[in-house]
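[1] what's the 3D shape of this:
(2 chains)
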There are 2 protein chains.
Amino acid sequence: MKDWDDIAQGILKGQKRAIARGLTWIEQGRNDGKQLAQKLFPHAGNAQVIGITGAPGVGKSTLVNALTLQLRSQGLRVGILAVDPSSPFSGGAILGDRIRMQDSVMDAGVYMRSFASRGHLGGLSRATFGALTVLDAAGFDKILVETVGAGQSEVEIMQLAHTTMVVLAPGMGDDIQAIKAGILEIGQVFVVNKADRDGVDHTVRSIRSMLALASEHPAWMPPILKTVAEDGRGMKELADALENHWQHLTDKGLLERFRWGQTEHLIEQAMADIGDRLVGRARSGQEWSHWVAEVGTGTREAEHVAEELWRQEWRED
Amino acid sequence: MKDWDDIAQGILKGQKRAIARGLTWIEQGRNDGKQLAQKLFPHAGNAQVIGITGAPGVGKSTLVNALTLQLRSQGLRVGILAVDPSSPFSGGAILGDRIRMQDSVMDAGVYMRSFASRGHLGGLSRATFGALTVLDAAGFDKILVETVGAGQSEVEIMQLAHTTMVVLAPGMGDDIQAIKAGILEIGQVFVVNKADRDGVDHTVRSIRSMLALASEHPAWMPPILKTVAEDGRGMKELADALENHWQHLTDKGLLERFRWGQTEHLIEQAMADIGDRLVGRARSGQEWSHWVAEVGTGTREAEHVAEELWRQEWRED
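    Coordinates of the predicted model:
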């Protein structure tokens, strides 16, 4: 098997086999996956990461497909990551039917991958960050991140996107209420899909009035678009709206700030990794059970043990 | 204002004002809240933490109330924590109507508190762990942890419980499907509430067949109880079932293992705290922006910066 440096070179050349292997390493939370993401990070920062969120039934998959075809027609390379923040117990992705995605997947300028959660939530967010770094470094212009399910894990994933697109459909009034709590506030582009159905204008008005409540003088006023993803209607306008937001981020220097924040985050992760490594090593050491027993009874403070682990590491250097 | 050591003393005496203040510190993610939780940890480990989960509409609040009255009638002191893993953006708890809780709250042997999420998900789980430590150290015999909403954040919270109780109601077949992915596998006691309604036996059978699929020879076979929380029916049996599970954990040495795992977790947290503190300090230092720029361009690796932060800390000692 190739080592991670070879894989990194393959990814930088846009080789799909290398991309696939790198993403698997990251998905599995392996150490070489972490190293790979760190190695590739300086080569990333060119792609627009577009988060796509919305309740089940609004047609997200079809929309991703139609949008991909639109972006391809503009000559853009598209990476698609379908993140499944499912049960930590189920052990695998429970992504729905992706058959319609095949139109896109057949094309060499498109890479599509589903990505399942492993371990705890922070882990999913970190793995997704790593996966986006891989696709970015591989040279995709636009990366679409779609999540399955909703709730807080979804919000965390969407924070990794430059542009978050919230998808709704007519006649889902309750869902508009439901997303109010968090998703609405992170949406920069709103899409009312299935716009050939009754009630589309009502849905648009509902979104508009909620947006008006949310912010009085926003620097970016989220557009609300009507689409029929099934036959591609509205895709050109959607692509334009996404491009406008990208331009907005660039013009205001927000893109640079975003990248800066991600770099700081990478250092924080490296810090946490050292901590985890030291704990991992200590666990197999002689003193560990003694320390745990002492912390449990209050004879020693947890912080003292932590400091001792750092001291030992330093001495060993 | 009293310092955290005084608050700790008050909590150990079971003083409600001290408990309230300690929980607020922890909820806000304050440093003295973290210290408080560490200080109290050796005094905790006596209470049975009972997680209560289930879809909206199954009557969780009413059930918590009725169960509390039952436990009180047995002379047990009851702490109740209603955790709200809501949007990180909404900034506050959106807990439903808790008026019915007043029956319980009037009693001196009961302490009830709602607890909202702050910051990211790991933060909520950590704060909940801290809050449980406070209630445990304050001498409550049983601590009921109820979450609002579902999904992965709920699963994380439930991992802090000794016993997880999954609540369902008749005629919610779809919800049984929905919980299959994760919640079912962490349930140790199943409750079909509103058992005076049609379809109760069907719901019981559905749970039973899913449990049979989940595990062939479980060490603990989860009981399925029927309750009508509104009038208190089935509460005695429910309290017995919870007690049986507690006895099971004790007999098999699992309780000790649980406590051991929590103690290890405390050391890991202390480790992460040191890392966070060093990054926090570095951010206001002169070299930080230089380092971030270097990591962003790949001139320096994130891990090198992290190691440098540790080295500097050591030199300063």
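[2] poorly predicted segments of the stretch 1-150 of chain A, please.
    Flagging of the stretch 1-150 of chain A using pLDDT under 70 yields the residue ranges A:1-2, A:85-106, A:117-122, A:148-150.
[3] tell me where it has helices.
    A:4-12, A:16-27, A:31-40, A:60-73, A:102-105, A:121-137 (DSSP state H, counting those that start in this stretch).
[4] give me whichever of the ones you listed is most buried.
    Ranked by mean neighbour count, these are led by helix A:121-137 with a mean of 24 (mean count of other Cβ atoms under 10 Å in any protein chain shown). No exception for glycine: its C-beta is placed from N, CA and C like everyone else's.
[5] give me the low-pLDDT residue ranges for the stretch 201-317 of chain A?
    A:214-217, A:314-317.
[6] how about the residues of it near chain B?
    Counting by Cβ under 8 Å from any Cβ of the partner chain, the stretch 201-317 of chain A comes close to chain B at A:259-260, A:263-264, A:266-276, A:278-279, A:283, A:291-292, A:295-298, A:301-303, A:305-307, A:309-311, A:313-314.
[7] which ones among the residues you listed map onto helices?
    Of these, the ones assigned to helices by DSSP state H are A:259-260, A:263-264, A:266-276, A:278-279, A:283, A:291-292, A:295-297, A:302-303, A:305-307, A:309-311, A:313-314.
[8] got a ChimeraX select line for the buried ones in these?
    Only the buried entries of those go into this ChimeraX selection, using 16 or more other Cβ atoms under 10 Å in any protein chain shown:
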select /A:259,263,264,266,267,268,269,270,271,272,273,274,275,278,279,291,292,295,296,302,303,305,306,307,309,310,313
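[9] how close does residue A:140 get to chain B?
    Residue A:140 is 19 Å from chain B, where distance means Cβ to the nearest Cβ, to the nearest Å.
[10] ok, back up a step: and of the helices of the stretch 1-150 of chain A, who's closest to chain B?
    Chain B lies closest to helix A:121-137 among these, at 4.4 Å (Cβ to the nearest Cβ).
[11] how far off centre is that closest one?
    6 Å (Cα atoms, centre = their mean, to the nearest Å).
[12] likewise for stretch A:243-255?
    For stretch A:243-255 - counting by Cα atoms, centre = their mean - the centre lies 19 Å from the chain centre.
[13] measure how far stretch A:185-193 is from the centre of its chain, please.
    That offset, for stretch A:185-193, works out to 16 Å (Cα atoms, centre = their mean).
[14] contacting residues for the residue nearest the centre of chain A?
    The residue lying closest to the centre of chain A (Cα atoms, centre = their mean) is residue A:157, at 4.3 Å. Going by Cβ atoms under 8 Å, 6 or more residues apart in numbering or on different chains, residue A:157 touches A:51, A:83, A:85, A:124, A:125, A:128, A:145, A:147.
[15] domain ranges for chain A?
    Domains of chain A are assigned by automatic domain parsing as A:45-252, A:264-316.
[16] for the ones you listed, which one ends up most surrounded?
    domain A:45-252 (a mean of 19).
[17] ok, now which ones touch residue A:197?
    Contacts for residue A:197 (Cβ under 8 Å, 6+ apart) come out as A:169, A:170, A:171.
[18] my bad, should have said residue A:204
    A:192, A:224, A:226.
[19] check contacts around the first one.
    So that's residue A:192. Here residue A:192 is in contact with A:168, A:169, A:170, A:200, A:203, A:204, A:207, A:224, A:225, A:226, A:227 (Cβ under 8 Å, 6+ apart).
[20] can you give me phi and psi for the fifth one?
    Backbone torsions of residue A:203, given as degrees, to the nearest 10, read phi -60, psi -40.
[21] next: the second one.
    As for residue A:169, its main-chain torsions (degrees, to the nearest 10) stand at phi -140, psi 150.
[22] that one contacts residue A:60, doesn't it?
    No - if you go by Cβ atoms under 8 Å, residue A:169 and residue A:60 don't touch, sitting 9.9 Å apart.
[23] out of the contacts of residue A:197, which touch chain B?
    Answer for the contacts of residue A:197 near chain B: none qualify (Cβ under 8 Å from any Cβ).
[24] can you add distance to residue A:66 and pLDDT and give these back as TSV?
    Listed next are those as TSV, based on distance: Cβ to Cβ, whole Å; pLDDT from 0 to 100:
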residue	distance to residue A:66	pLDDT
A:169	14	91
A:170	18	91
A:171	21	80
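[25] let me have these in a markdown table, extended by distance to residue B:20.
    As requested, these are exported to a markdown table (distance: Cβ to Cβ, whole Å):
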| residue | distance to residue B:20 |
| --- | --- |
| A:169 | 45 |
| A:170 | 47 |
| A:171 | 45 |
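[26] between those residues, which is nearest residue B:47?
    residue A:169 (46.5 Å; Cβ to Cβ).
[27] quick one: contacts for that closest one?
    Contacts of residue A:169 by Cβ under 8 Å, 6+ apart are A:57, A:58, A:59, A:192, A:193, A:194, A:197, A:203.
[28] kindly report the same for residue A:40.
    Contacts of residue A:40 (Cβ under 8 Å, 6+ apart): A:8, A:11, A:12, A:22, A:133, A:134, A:136, A:137.
[29] could you rerun that using 7 Å?
    Listed by Cβ atoms under 7 Å, 6 or more residues apart in numbering or on different chains, the contact set of residue A:40 reads A:8, A:11, A:133, A:134, A:137.
[30] could you do residue A:52 as well?
    Residue A:52 touches A:60, A:64, A:144, A:145, A:146, A:165, A:167, counting by Cβ under 7 Å, 6+ apart.
[31] which ones among these are found in strands?
    The strands, defined by DSSP state E, take in A:144, A:145, A:146, A:165, A:167 from those.
[32] how near is the first one to residue A:77?
    In this view, residue A:144 and residue A:77 are 12 Å apart by Cβ to Cβ, to the nearest Å.
[33] do the last one as well
    As defined by Cβ to Cβ, residue A:167 lies at a distance of 23 Å from residue A:77.
[34] before we move on, back to that, now the helices of the stretch 1-150 of chain A as a markdown table including distance to residue B:237?
    Listed next are the helices of the stretch 1-150 of chain A as a markdown table, based on distance: least, Cβ to Cβ, whole Å:
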| stretch | distance to residue B:237 |
| --- | --- |
| helix A:4-12 | 56 |
| helix A:16-27 | 44 |
| helix A:31-40 | 49 |
| helix A:60-73 | 44 |
| helix A:102-105 | 53 |
| helix A:121-137 | 35 |
